[in-house]
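Need a 3D model of the sequence below.
(one chain, ligands or ions: 1)
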Amino acid sequence: MSAPRIEIDLDLVEHNTRVLVDRLAARDVRVLGVTKATLGSPGVAAAMLRGGAVGLGDSRVENLARLTDVDGAVPRTLIRSPMLSQAAHVVRTATASLNTEPAVIAALDAAATHAGLRHDVILMVELGDLREGIAVDDVAAAVQVVLESPSLRLRGLGANLACQNGVVPDDANMGVLHRLVDRTEAHHRLALDVVSSGNSANLDWALTTTRLDRTNELRLGEAILLGTEPLRRAPIDGLSTKAFALVGEVIEIADKPARPWGDQAQAAYGEPPARVGGGSRRQAIVALGRQDVDLDGLLPPPGMVVLGMSSDHLVLDVGDHPITVGDELRFRLGYGALVRAMTSPFVARAERQVLGTPDALGPVAGSARR
Ligand SMILES: *Cc1c(COP(=O)(O)O)cnc(C)c1O
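So this is what the prediction gives:
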(Lines give C-alpha, C1' and ligand atoms only; values in the text may rest on other atoms or scores of the structure.)
Protein backbone atom coordinates (compact mmCIF):
# COMPACT_ATOMS: atom_id res chain seq x y z
CA MET A 1 0.00 0.00 0.00
CA SER A 2 1.21 3.51 -0.68
CA ALA A 3 2.73 5.78 1.93
CA PRO A 4 2.13 8.16 3.46
CA ARG A 5 -1.37 7.01 4.27
CA ILE A 6 -3.83 7.52 7.03
CA GLU A 7 -5.39 4.37 8.40
CA ILE A 8 -8.86 4.70 9.83
CA ASP A 9 -10.42 2.00 11.97
CA LEU A 10 -14.11 2.55 11.35
CA ASP A 11 -15.09 0.05 14.03
CA LEU A 12 -13.37 2.22 16.62
CA VAL A 13 -15.12 5.32 15.27
CA GLU A 14 -18.40 3.45 15.63
CA HIS A 15 -17.46 2.27 19.14
CA ASN A 16 -16.54 5.77 20.28
CA THR A 17 -19.75 7.18 18.86
CA ARG A 18 -21.86 4.53 20.58
CA VAL A 19 -20.25 5.05 23.97
CA LEU A 20 -20.84 8.81 23.80
CA VAL A 21 -24.35 8.40 22.37
CA ASP A 22 -25.26 6.04 25.23
CA ARG A 23 -23.80 8.26 27.93
CA LEU A 24 -25.56 11.31 26.58
CA ALA A 25 -28.82 9.47 25.87
CA ALA A 26 -29.04 8.80 29.60
CA ARG A 27 -29.31 12.58 29.89
CA ASP A 28 -31.62 13.03 26.88
CA VAL A 29 -28.93 14.61 24.74
CA ARG A 30 -28.51 13.59 21.08
CA VAL A 31 -25.28 13.51 19.11
CA LEU A 32 -24.61 15.13 15.78
CA GLY A 33 -21.51 13.47 14.30
CA VAL A 34 -19.06 16.06 12.98
CA THR A 35 -16.98 14.83 10.04
CA LYS A 36 -15.01 17.98 9.20
CA ALA A 37 -11.65 16.71 10.45
CA THR A 38 -11.94 13.80 8.00
CA LEU A 39 -12.70 15.87 4.90
CA GLY A 40 -16.27 14.61 5.07
CA SER A 41 -15.36 10.92 4.83
CA PRO A 42 -18.48 8.89 3.94
CA GLY A 43 -16.99 5.86 5.73
CA VAL A 44 -16.51 7.83 8.94
CA ALA A 45 -19.97 9.36 8.59
CA ALA A 46 -21.56 5.92 8.18
CA ALA A 47 -19.67 4.64 11.24
CA MET A 48 -20.97 7.59 13.28
CA LEU A 49 -24.53 6.82 12.18
CA ARG A 50 -24.14 3.12 13.04
CA GLY A 51 -22.95 4.27 16.46
CA GLY A 52 -26.16 6.19 16.98
CA ALA A 53 -25.51 9.75 15.82
CA VAL A 54 -28.83 11.34 14.78
CA GLY A 55 -27.29 13.44 12.05
CA LEU A 56 -24.09 14.65 10.44
CA GLY A 57 -22.40 18.01 10.60
CA ASP A 58 -19.55 19.51 8.64
CA SER A 59 -18.09 22.98 8.29
CA ARG A 60 -17.69 22.77 4.50
CA VAL A 61 -20.50 22.45 2.03
CA GLU A 62 -18.10 20.53 -0.25
CA ASN A 63 -17.70 17.91 2.50
CA LEU A 64 -21.44 17.66 3.06
CA ALA A 65 -21.85 17.07 -0.66
CA ARG A 66 -19.58 14.04 -0.27
CA LEU A 67 -21.98 12.66 2.32
CA THR A 68 -25.12 12.74 0.21
CA ASP A 69 -24.79 9.04 -0.62
CA VAL A 70 -24.39 7.92 2.99
CA ASP A 71 -28.07 7.94 3.89
CA GLY A 72 -30.41 10.27 2.09
CA ALA A 73 -32.73 10.59 5.06
CA VAL A 74 -30.11 11.72 7.54
CA PRO A 75 -30.07 15.40 8.51
CA ARG A 76 -26.94 17.17 7.29
CA THR A 77 -26.02 20.39 9.04
CA LEU A 78 -23.55 22.98 7.81
CA ILE A 79 -21.90 23.97 11.09
CA ARG A 80 -20.07 27.05 9.80
CA SER A 81 -22.16 30.07 8.83
CA PRO A 82 -22.81 29.77 5.10
CA MET A 83 -20.97 32.03 2.71
CA LEU A 84 -23.37 34.42 1.05
CA SER A 85 -21.98 33.29 -2.29
CA GLN A 86 -22.83 29.65 -1.51
CA ALA A 87 -26.45 30.04 -0.39
CA ALA A 88 -27.84 28.10 -3.36
CA HIS A 89 -25.31 25.29 -2.86
CA VAL A 90 -26.06 25.18 0.86
CA VAL A 91 -29.83 24.72 0.55
CA ARG A 92 -29.36 21.97 -2.02
CA THR A 93 -26.70 20.13 0.02
CA ALA A 94 -27.48 20.74 3.69
CA THR A 95 -30.83 20.22 5.39
CA ALA A 96 -29.86 22.75 8.04
CA SER A 97 -27.23 25.35 8.81
CA LEU A 98 -25.94 27.28 11.81
CA ASN A 99 -26.44 30.99 11.22
CA THR A 100 -25.69 34.43 12.61
CA GLU A 101 -26.14 36.95 9.76
CA PRO A 102 -29.52 38.35 8.63
CA ALA A 103 -28.17 38.86 5.10
CA VAL A 104 -27.19 35.21 4.86
CA ILE A 105 -30.52 34.10 6.30
CA ALA A 106 -32.31 36.17 3.64
CA ALA A 107 -30.14 34.64 0.90
CA LEU A 108 -30.85 31.12 2.18
CA ASP A 109 -34.57 31.86 2.14
CA ALA A 110 -34.42 33.20 -1.40
CA ALA A 111 -32.34 30.24 -2.56
CA ALA A 112 -34.63 27.72 -0.86
CA THR A 113 -37.71 29.36 -2.32
CA HIS A 114 -36.12 29.31 -5.77
CA ALA A 115 -35.26 25.62 -5.42
CA GLY A 116 -38.61 24.70 -3.90
CA LEU A 117 -36.93 23.45 -0.72
CA ARG A 118 -37.28 23.91 3.03
CA HIS A 119 -34.10 24.74 4.96
CA ASP A 120 -33.69 24.53 8.72
CA VAL A 121 -31.91 27.28 10.61
CA ILE A 122 -30.23 27.11 13.99
CA LEU A 123 -29.26 30.53 15.31
CA MET A 124 -25.92 30.68 17.07
CA VAL A 125 -25.60 32.80 20.19
CA GLU A 126 -22.39 34.52 21.37
CA LEU A 127 -21.60 33.28 24.88
CA GLY A 128 -18.08 34.63 25.33
CA ASP A 129 -15.67 32.68 23.15
CA LEU A 130 -15.92 35.47 20.54
CA ARG A 131 -16.07 33.38 17.41
CA GLU A 132 -19.48 32.98 15.73
CA GLY A 133 -22.62 34.05 17.52
CA ILE A 134 -25.34 36.68 17.71
CA ALA A 135 -25.19 39.01 20.70
CA VAL A 136 -27.78 37.93 23.26
CA ASP A 137 -29.69 41.20 22.87
CA ASP A 138 -29.95 40.75 19.09
CA VAL A 139 -31.23 37.18 19.09
CA ALA A 140 -34.90 38.21 19.20
CA ALA A 141 -34.51 40.23 16.00
CA ALA A 142 -32.76 37.34 14.24
CA VAL A 143 -35.51 34.96 15.36
CA GLN A 144 -38.03 37.34 13.82
CA VAL A 145 -36.13 37.33 10.51
CA VAL A 146 -36.18 33.53 10.35
CA LEU A 147 -39.84 33.28 11.32
CA GLU A 148 -40.76 35.70 8.54
CA SER A 149 -38.84 33.68 5.93
CA PRO A 150 -41.34 31.43 4.12
CA SER A 151 -38.83 28.74 3.09
CA LEU A 152 -36.91 28.59 6.36
CA ARG A 153 -37.79 26.81 9.56
CA LEU A 154 -36.37 27.85 12.91
CA ARG A 155 -35.09 24.57 14.37
CA GLY A 156 -33.48 26.01 17.45
CA LEU A 157 -30.64 27.88 19.09
CA GLY A 158 -27.04 26.89 19.55
CA ALA A 159 -23.67 28.02 20.79
CA ASN A 160 -20.01 27.20 20.34
CA LEU A 161 -17.31 27.68 22.94
CA ALA A 162 -13.67 26.69 23.44
CA CYS A 163 -12.63 27.17 19.79
CA GLN A 164 -11.34 30.74 19.60
CA ASN A 165 -10.50 31.64 23.19
CA GLY A 166 -10.79 28.37 25.07
CA VAL A 167 -13.84 29.53 27.04
CA VAL A 168 -15.09 26.58 29.09
CA PRO A 169 -18.78 25.60 28.91
CA ASP A 170 -20.36 25.87 32.36
CA ASP A 171 -23.72 26.37 34.05
CA ALA A 172 -23.39 30.15 33.75
CA ASN A 173 -22.83 30.49 30.00
CA MET A 174 -25.06 27.53 29.16
CA GLY A 175 -27.74 29.05 31.40
CA VAL A 176 -27.75 32.17 29.24
CA LEU A 177 -28.53 29.99 26.21
CA HIS A 178 -31.22 28.06 28.07
CA ARG A 179 -32.98 31.23 29.22
CA LEU A 180 -32.92 32.56 25.65
CA VAL A 181 -34.58 29.36 24.47
CA ASP A 182 -37.29 29.73 27.11
CA ARG A 183 -37.83 33.38 26.26
CA THR A 184 -37.97 32.75 22.50
CA GLU A 185 -40.52 29.97 22.94
CA ALA A 186 -42.69 31.99 25.27
CA HIS A 187 -42.57 35.12 23.16
CA HIS A 188 -43.45 33.42 19.87
CA ARG A 189 -45.56 30.57 21.32
CA LEU A 190 -43.50 27.90 19.61
CA ALA A 191 -41.38 24.92 20.57
CA LEU A 192 -37.74 24.75 19.49
CA ASP A 193 -36.60 21.22 18.56
CA VAL A 194 -32.90 21.77 18.91
CA VAL A 195 -30.74 23.29 21.60
CA SER A 196 -27.30 22.55 20.24
CA SER A 197 -25.10 23.71 23.06
CA GLY A 198 -21.65 22.98 21.76
CA ASN A 199 -18.88 20.63 20.70
CA SER A 200 -16.64 18.03 22.34
CA ALA A 201 -15.57 20.66 24.87
CA ASN A 202 -19.12 20.50 26.29
CA LEU A 203 -18.90 16.81 27.20
CA ASP A 204 -17.56 17.17 30.73
CA TRP A 205 -20.20 19.74 31.51
CA ALA A 206 -23.04 17.82 29.83
CA LEU A 207 -22.22 14.58 31.63
CA THR A 208 -21.86 16.07 35.09
CA THR A 209 -23.99 19.19 35.43
CA THR A 210 -27.18 19.29 37.44
CA ARG A 211 -28.38 22.06 35.11
CA LEU A 212 -28.52 20.39 31.73
CA ASP A 213 -31.84 22.19 31.41
CA ARG A 214 -32.78 22.76 27.74
CA THR A 215 -29.65 21.33 26.12
CA ASN A 216 -30.64 18.37 23.93
CA GLU A 217 -27.89 18.11 21.31
CA LEU A 218 -24.11 18.26 21.05
CA ARG A 219 -22.03 18.42 17.87
CA LEU A 220 -19.16 15.99 18.40
CA GLY A 221 -16.08 15.57 16.25
CA GLU A 222 -12.82 15.26 18.18
CA ALA A 223 -14.21 13.15 21.01
CA ILE A 224 -15.56 10.57 18.56
CA LEU A 225 -12.58 10.57 16.23
CA LEU A 226 -9.65 10.79 18.63
CA GLY A 227 -11.21 9.78 21.95
CA THR A 228 -9.93 12.98 23.56
CA GLU A 229 -11.64 16.04 24.97
CA PRO A 230 -10.40 19.36 23.60
CA LEU A 231 -10.16 21.42 26.80
CA ARG A 232 -7.18 19.52 28.18
CA ARG A 233 -6.67 17.04 25.36
CA ALA A 234 -7.10 14.24 27.86
CA PRO A 235 -8.23 10.77 26.75
CA ILE A 236 -11.88 10.11 27.55
CA ASP A 237 -12.51 7.11 29.76
CA GLY A 238 -13.91 4.16 27.78
CA LEU A 239 -13.07 5.57 24.34
CA SER A 240 -10.34 4.44 21.97
CA THR A 241 -7.62 6.89 20.99
CA LYS A 242 -6.50 4.60 18.20
CA ALA A 243 -9.02 5.07 15.41
CA PHE A 244 -6.51 7.02 13.29
CA ALA A 245 -2.85 6.39 12.48
CA LEU A 246 -0.53 8.01 9.96
CA VAL A 247 1.88 5.62 8.28
CA GLY A 248 5.14 6.83 6.78
CA GLU A 249 8.02 5.04 5.07
CA VAL A 250 11.69 5.19 6.09
CA ILE A 251 13.93 6.45 3.25
CA GLU A 252 17.26 6.77 5.06
CA ILE A 253 18.71 5.22 8.19
CA ALA A 254 22.18 6.00 9.48
CA ASP A 255 24.27 6.67 12.55
CA LYS A 256 24.94 10.40 12.46
CA PRO A 257 26.70 12.77 14.85
CA ALA A 258 24.31 14.16 17.47
CA ARG A 259 25.45 17.69 16.64
CA PRO A 260 25.55 19.48 13.26
CA TRP A 261 28.81 21.10 12.17
CA GLY A 262 29.59 24.35 10.34
CA ASP A 263 28.17 27.85 10.97
CA GLN A 264 24.47 27.70 11.81
CA ALA A 265 21.76 30.12 10.66
CA GLN A 266 18.05 29.47 10.10
CA ALA A 267 16.75 26.10 8.99
CA ALA A 268 13.94 25.57 6.45
CA TYR A 269 11.29 26.46 9.05
CA GLY A 270 13.09 28.97 11.24
CA GLU A 271 15.37 28.28 14.16
CA PRO A 272 17.05 24.89 13.92
CA PRO A 273 16.02 22.42 16.62
CA ALA A 274 18.30 22.37 19.66
CA ARG A 275 20.56 19.33 19.56
CA VAL A 276 21.78 18.07 22.88
CA GLY A 277 24.32 15.49 23.89
CA GLY A 278 27.32 14.28 22.01
CA GLY A 279 28.44 11.18 20.20
CA SER A 280 26.21 9.73 17.52
CA ARG A 281 22.64 8.64 17.24
CA ARG A 282 20.68 6.33 15.02
CA GLN A 283 18.71 8.67 12.79
CA ALA A 284 15.94 7.81 10.35
CA ILE A 285 14.37 9.96 7.69
CA VAL A 286 10.69 9.25 7.08
CA ALA A 287 9.09 10.44 3.83
CA LEU A 288 6.67 12.72 5.66
CA GLY A 289 6.75 16.48 5.84
CA ARG A 290 4.81 19.61 6.58
CA GLN A 291 3.05 19.13 3.26
CA ASP A 292 1.54 15.98 4.76
CA VAL A 293 1.04 16.66 8.44
CA ASP A 294 1.41 19.23 11.19
CA LEU A 295 4.38 18.54 13.47
CA ASP A 296 2.30 19.74 16.39
CA GLY A 297 0.29 16.70 17.43
CA LEU A 298 2.36 14.12 15.56
CA LEU A 299 3.21 11.34 18.02
CA PRO A 300 6.08 9.04 17.00
CA PRO A 301 6.12 5.34 17.91
CA PRO A 302 7.18 4.63 21.52
CA GLY A 303 10.93 4.97 22.06
CA MET A 304 11.46 7.30 19.10
CA VAL A 305 11.96 11.07 19.22
CA VAL A 306 11.21 13.67 16.55
CA LEU A 307 14.36 15.69 15.78
CA GLY A 308 12.78 17.95 13.18
CA MET A 309 10.55 18.21 10.15
CA SER A 310 10.79 20.23 6.95
CA SER A 311 8.46 20.22 3.96
CA ASP A 312 9.19 16.62 2.94
CA HIS A 313 11.47 15.09 5.56
CA LEU A 314 10.76 13.93 9.08
CA VAL A 315 13.93 13.20 11.05
CA LEU A 316 13.65 10.78 13.95
CA ASP A 317 16.02 9.48 16.60
CA VAL A 318 15.02 5.82 16.51
CA GLY A 319 17.11 4.74 19.49
CA ASP A 320 17.93 1.05 19.27
CA HIS A 321 14.87 0.05 17.24
CA PRO A 322 16.01 -2.22 14.38
CA ILE A 323 14.81 0.00 11.53
CA THR A 324 15.70 -0.54 7.87
CA VAL A 325 14.99 1.40 4.70
CA GLY A 326 11.49 0.65 3.45
CA ASP A 327 10.07 0.05 6.92
CA GLU A 328 6.76 1.66 7.72
CA LEU A 329 6.33 3.60 10.96
CA ARG A 330 2.98 4.42 12.56
CA PHE A 331 2.22 7.76 14.18
CA ARG A 332 -0.68 8.82 16.38
CA LEU A 333 -2.30 12.14 15.57
CA GLY A 334 -3.62 15.06 17.56
CA TYR A 335 -6.46 17.15 16.13
CA GLY A 336 -4.33 19.60 14.14
CA ALA A 337 -2.14 16.86 12.74
CA LEU A 338 -5.22 14.84 11.79
CA VAL A 339 -6.81 17.73 9.91
CA ARG A 340 -3.60 18.47 8.02
CA ALA A 341 -3.07 14.82 7.07
CA MET A 342 -6.67 14.37 5.96
CA THR A 343 -6.51 17.46 3.76
CA SER A 344 -3.11 16.77 2.19
CA PRO A 345 -3.31 15.54 -1.41
CA PHE A 346 -0.18 13.45 -0.72
CA VAL A 347 -1.71 11.32 2.01
CA ALA A 348 -3.68 8.28 0.89
CA ARG A 349 -6.50 6.86 2.96
CA ALA A 350 -7.19 3.32 4.05
CA GLU A 351 -10.46 2.84 5.90
CA ARG A 352 -10.89 -0.50 7.59
CA GLN A 353 -14.10 -1.94 8.89
CA VAL A 354 -14.40 -5.49 10.10
CA LEU A 355 -17.15 -5.57 12.67
CA GLY A 356 -19.57 -3.13 11.09
CA THR A 357 -20.61 -5.20 8.08
CA PRO A 358 -21.38 -8.89 8.58
CA ASP A 359 -20.01 -9.80 5.16
CA ALA A 360 -16.73 -7.90 5.45
CA LEU A 361 -13.56 -9.84 4.78
CA GLY A 362 -11.37 -10.65 7.71
CA PRO A 363 -11.94 -12.01 11.19
CA VAL A 364 -15.32 -11.13 12.61
CA ALA A 365 -15.21 -10.89 16.35
CA GLY A 366 -18.79 -11.52 17.36
CA SER A 367 -18.81 -9.88 20.75
CA ALA A 368 -17.90 -6.27 20.08
CA ARG A 369 -21.07 -5.31 18.29
CA ARG A 370 -24.34 -5.09 20.11
C1 LIG B 1 -15.69 21.94 14.75
C2 LIG B 1 -17.00 22.28 15.31
C3 LIG B 1 -17.68 21.34 16.11
C4 LIG B 1 -17.06 20.03 16.51
O5 LIG B 1 -16.00 20.28 17.37
P6 LIG B 1 -15.18 19.09 18.10
O7 LIG B 1 -14.36 19.78 19.11
O8 LIG B 1 -14.39 18.42 17.04
O9 LIG B 1 -16.20 18.22 18.72
C10 LIG B 1 -18.93 21.68 16.57
N11 LIG B 1 -19.50 22.86 16.26
C12 LIG B 1 -18.89 23.78 15.51
C13 LIG B 1 -19.59 25.06 15.20
C14 LIG B 1 -17.62 23.53 15.01
O15 LIG B 1 -17.01 24.45 14.25
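
who touches the closest residue to the ligand within the chain in this structure?
Residue nearest to the ligand within the chain: Gly221 (2.7 Å; C-beta to the nearest ligand atom). Any C-beta I mention is one placed from the backbone N, CA and C, and that applies to glycine too. For Gly221, the contacting residues are Gly33, Val34, Thr35, Lys36, Ala37, Gly57, Asn199, Ser200, by C-beta atoms under 8 Å, 6 or more residues apart in numbering.

switch to 7 Å and redo it
Gly221 makes contact with Val34, Lys36, Ala37, Asn199, Ser200 under the criterion C-beta atoms under 7 Å, 6 or more residues apart in numbering.

my read: the last one touches Leu226, true?
Yep, that's Ser200 we're talking about. No. With contact defined as C-beta atoms under 7 Å, Ser200 and Leu226 do not form a contacting pair (9.0 Å).

what's the following helix or strand after the longest strand along the chain?
Counting residues, the longest strand found in the chain (DSSP state E) is strand 244-257. Sequence-wise, the next helix or strand downstream of strand 244-257 (DSSP states H and E) is strand 280-286.

Mind listing what's buried along that following strand?
Under the neighbour-count criterion of 16 or more other C-beta atoms under 10 Å, strand 280-286 has Arg281, Arg282, Gln283, Ala284, Ile285, Val286 buried.

In terms of secondary structure, what does it contact?
Here strand 280-286 touches strand 244-257, strand 314-317, going by 3 or more C-beta pairs under 7 Å, 6 or more residues apart in numbering; DSSP states H and E.

So which elements touch the longest one?
I take that to be strand 244-257. strand 5-9, strand 280-286, strand 328-333.

ok, and what's touching the first one?
Read that as strand 5-9. 43-44, 242-247, 341-342, 347-352.

ditto for the last one
Contacts to strand 328-333, defined as C-beta under 7 Å, 6+ apart, come from residues 3, 244-250, 286, 297-301, 341.

Now, the contacts of Gly221 that are in strands?
Reading strands off these with DSSP E, I get Val34.

so which of the contacts of strand 328-333 is the most crowded?
Neighbour tally across these (other C-beta atoms under 10 Å): the maximum, 30 neighbours, falls on Val286.

about what we covered before: with mean pLDDT and distance to the ligand as extra columns, can I get the helices and strands packed on strand 244-257 in CSV?
Converted to CSV, these look like this (pLDDT from 0 to 100; distance: least, C-beta to the nearest ligand atom, whole Å):
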stretch, mean pLDDT, distance to the ligand
strand 5-9, 98, 16
strand 280-286, 96, 27
strand 328-333, 98, 13
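
would you turn these into a markdown table with distance to Leu98?
Shown next, in a markdown table, are those (distance: least, C-beta to C-beta, whole Å):
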| stretch | distance to Leu98 |
| --- | --- |
| strand 5-9 | 26 |
| strand 280-286 | 39 |
| strand 328-333 | 26 |
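
Please name whichever of those strands is nearest to Ser151.
strand 5-9 (37.3 Å; C-beta to C-beta).

partners of the closest one, with directions?
Strand 5-9 has the following strand partners under DSSP bridges: strand 244-257 (antiparallel), strand 348-352 (parallel).

between the next helix or strand along the chain from it and strand 348-352, how big is the angle?
Using DSSP H and E, the helix or strand that directly follows strand 5-9 along the chain is helix 10-25. On the basis of axes from the mean of the first three to the mean of the last three C-alpha atoms, to 10 degrees, helix 10-25 is oriented at 70 degrees to strand 348-352.
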